[in-house]
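>>> next comes the sequence, and after it the predicted model I'd like to discuss.
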Amino acid sequence: MVKLTDFQITFSGLKLGNHKFDFQIEDAFFQLFDYAELSSGQVSAIILLQKKSNMLELDLQIKGSVTLACDTCTENYIESIEGNYKQIVKFSDVLETDETDEIIILPTNEHTLKLAHHLYEFIHLSLPSRRIHADRADCNQEMLEKLEELAFQEPEIADPRWSALQNLKK
């Protein structure tokens, strides 16, 4: 069974320098999140960690495929995703507001970096803004016909009150 703790890095025992971690994300990972938009996928997350004396630098490479619902016909389809992201981990015991999307601040006594939520967010950032089948022929044809039927159509009989306004366009 997959747990959130499966997606963490214990950095306290690592030597200074570069380290590589590979996480395989499958359907069970997405089930860990109650509010998940995604429910299935096969994603590889390669993390290149550079440990320095006062910080960690992470280069994350996300690559794989996820199942999405088409925005046009609502049928599921498989979308390939890919993305590269950078994270900086700083250490501080002072509550700071410097934490941003790229900077994570951990207490100085912390020894592990929990990445599950970050990986989940990076997978979402890798999704296209418009989620449609690559080929319209793959869409549910019955749904496309129904959409065409329900589409707004101009009334054939023009309201005489608006006819005068149409003349202004000319």
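All right, it came through fine.
>>> make it CA atoms for all contacts and neighbour counts henceforth
Will do.
>>> how about low-confidence regions in this structure?
96-99, 154-158, 170 (pLDDT under 70).
>>> center of it - which residue?
residue 124 (0.6 Å; CA atoms, centre = their mean).
>>> before we move on, what SS does it have?
At residue 124, secondary structure determined by DSSP: H, G, I helix; E, B strand; the rest coil is helix.
>>> relative to residue 70, how far out is it?
Between residue 124 and residue 70 the computed distance is 15 Å (CA to CA, to the nearest Å).
>>> now the farthest one out in the chain, which residue is it?
Centroid-distance maximum for the chain: residue 160 at 51.1 Å, with CA atoms, centre = their mean.
>>> any figure for the gap between it and residue 43?
In this view, residue 160 and residue 43 are 60 Å apart by CA to CA.
>>> just the strands in this structure please.
8-10, 17-25, 41-51, 55-69, 76-91, 103-106, 112-114 (DSSP state E).
>>> figure out which of those strands is closest to residue 141.
Each of the strands of the chain has some distance to residue 141 by CA to CA; the shortest is strand 76-91, at 13.7 Å.
>>> report the buried residues of that closest one.
Using 16 or more other CA atoms under 10 Å as the test for burial, strand 76-91 gives 76, 77, 78, 79, 81, 82, 87, 88, 89, 90.
>>> same thing with stretch 124-131?
When burial is assessed from 16+ other CA under 10 Å, stretch 124-131 yields the following buried residues: 126, 127.
>>> so how far is it off the chain centroid?
Relative to its parent chain, stretch 124-131 has a centroid offset of 6 Å by CA atoms, centre = their mean, to the nearest Å.
>>> now stretch 117-135
Centroid displacement of stretch 117-135 relative to its chain, using CA atoms, centre = their mean, is 4 Å.
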